[in-house]
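Novice: Output the structure for:
(one chain, ligands or ions: 1)
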Amino acid sequence: MSRKNQTLGEFIIENQASFKYTSGELSRLINSIRLAAKVVNHEVNKAGLVDIIGTAGDTNIQGEDQQKLDVYANDKFIQTLKNRNIVCGIASEEEDTFISINSRDENNQNKYIVLIDPLDGSSNIDVNVSVGTIFSVYRRVTPVGTPVTIDDFLQKGSQQVAAGYVVYGTSTMLVYTTGDGVNGFTLNPAIGTFYLSHPRMEFPVDGTIYSVNEGNYIHFPQGVKNYIKYCQMEEGDRPYTSRYIGSLVSDFHRNMIKGGIYMYPKSSKSSNGKLRLLYECNPMAFLAEQANGKASDGFNRIMDIDPTELHQRVPFICGSKNMVEKLEEFMRDVK
Ligand code: P6P
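Specialist: You can find the predicted model right below:
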């Protein structure tokens with residue numbers, strides 16, 4: 001149940017009972033994401049003052065060491081999750097391996113693990129373009145009270161219990177799912193409260209926006225090249241519009257509202273594409289499917305891929321169902 005302008009806290013409480021694993025832990029986990037998002041948002045919004053507050057490696061006017069924002073965001077999300085004693089393990093794009101949190105303590109009954117890209121698109125910060133945080137939540141598969149292992153993290157995307165993103169854009173939004181649709185909350189920075197602004201978000205089944213880095217065109221598989229030319233052809237509602245921000249969360253968010261497709265295919269330069277399966281593609285795929293969209297690697301459902309390593313990359317296509325299926329058709333035609 002949801003109503004416009006409900007706060008995130010009210011929404012979580014009202015919907016907690018509907019979550020099949022209801023025990024309040026997941027609610028507390030989402031609340032800790034909410035807190036970290038507000039802290040990171042404050043710092044991201046100061047980035048424009050870098051000449052005043054100093055850049056990474058400097059010390060700012062308060063004599064504090066200025067951190068790179070992605071390192072800062074990583075530290076804040078990990079610290080918040082640790083302090084609230086909610087999870088037993090965390091994996092992050094910024095960490096070589098997973099972090100075990102008190103999981104050697106047999107009294108640690110925490111059953112959730114989180115995988116996170118703390119600040120995706122951080123290269124955009126220096127040019128004042130929106131960036132995002134992406135998170136993915138699973139129940140551990142090893143026994144509670146024992147140390148977490150890599151197996152707890154190498155789970156298929158279909159096993160996720162929650163996923164979401166924070167987009168630090170013209171406004172800051174937290175968009176997430178726990179498997180019962182996708183809801184978007186906008187931060188009122190004046191009072192530090194997220195309000196339900198986009199209840200039950202859904203991809204239009206079709207769209208006229210395609211998002212891809214066409215600078216890589218000559219390196220793409222022929223099926224992708226053929227699809228891009230299809231988008232550019234004069235026929236029906238085509239040519240489509242090309243929109244590519246260079247920030248997955250921002251391109252995904254716009255396409256979910258307006259209808260569109262995002263593509264980061266493999267290429268002769270990167271045989272598995274660029275995006276990471278566990279903390280970029282799987283959470284965005286969960287959101288896409290919960291919002292009546294689709295996510296694949298061009299042939300297979302993203303959330304059916306069996307992970308083999310923490311930072312593995314996969315080709316990533318997601319967005320309006322009909323557009324993703326049209327691209328898959330072009331990929332099959334030249335297989
Ligand atoms: P390229 C940001 O680095 C990111 O991971 C995504 O957010 C974005 O869509 C993509 O990479 C941009 O990559 O190679 O087009 O600059």
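Novice: give me the element the residue sitting nearest the centre point of the chain is part of.
Specialist: In the chain, the C-alpha nearest the mean C-alpha coordinate belongs to I134, at 3.0 Å (CA atoms, centre = their mean). Under the criterion of DSSP states H and E, I134 resides in strand 131-139.
Novice: Kindly report the same for F194.
Specialist: Here F194 is assigned to strand 193-198, by DSSP H and E.
Novice: for that strand, the distance to its chain's centre please.
Specialist: Averaging C-alpha positions (CA atoms, centre = their mean, to the nearest Å) puts strand 193-198 18 Å from its chain's average.
Novice: Outline the domain layout of this structure.
Specialist: The chain resolves into domains spanning 8-198, 209-333 when parsed by automatic domain parsing.
Novice: re earlier: name the residues of the strand holding F194 that come out as buried.
Specialist: Residues F194, Y195, L196, S197, H198 are the ones in strand 193-198 that count as buried (16 or more other CB atoms under 10 Å). All C-beta spots, glycine's among them, are computed from the backbone N, C-alpha and C.
Novice: residues in contact with the last one?
Specialist: Put plainly, it is H198. Contact analysis of H198 by CB atoms under 8 Å, 6 or more residues apart in numbering lists M173, V175, N183, G184, F185, T186, I257.
Novice: just the buried members of those?
Specialist: In terms of neighbour count (16+ other CB under 10 Å), the buried residues within the contacts of H198 are M173, V175, N183, G184, F185, T186, I257.
Novice: and the second one, how far is that from E328?
Specialist: Read that as V175. 25 Å (CB to CB, to the nearest Å).
Novice: Check the first one too.
Specialist: Between M173 and E328 the computed distance is 29 Å (CB to CB).
Novice: next one: S123
Specialist: 30 Å.
Novice: go on, E25?
Specialist: 37 Å.
Novice: Which pLDDT value belongs to the residue of the stretch 51-200 of the chain found nearest the ligand?
Specialist: As assessed by CB to the nearest ligand atom, the ligand sits closest to G121 within the stretch 51-200 of the chain, at 4.0 Å. On pLDDT, G121 comes in at 88.
Novice: do stretch 153-173 and the ligand meet?
Specialist: No: counting by CB under 6 Å from any ligand atom, the ligand has no neighbours in stretch 153-173; the shortest distance is 10.5 Å.
Novice: now that stretch, how far from the chain's geometric center?
Specialist: 4 Å.
Novice: now do the same end-to-end measure for that stretch.
Specialist: Terminal residues of stretch 153-173 are spaced 26 Å apart (CA to CA, to the nearest Å).
Novice: wouldn't F194 be in contact with T186 here?
Specialist: Yes: judged on CB atoms under 8 Å, F194 makes contact with T186 at a distance of 6.7 Å.
Novice: Which of the three states applies to N102?
Specialist: coil (DSSP: H, G, I helix; E, B strand; the rest coil).
Novice: Could you report the neighbour count for it?
Specialist: By other CB atoms under 10 Å, the residues close to N102 number 15.
Novice: May I have the residues that are in contact with L278?
Specialist: Contacts of L278 (CB under 8 Å, 6+ apart): A91, L115, S136, F153, L154, P307, L310, H311, Q312.
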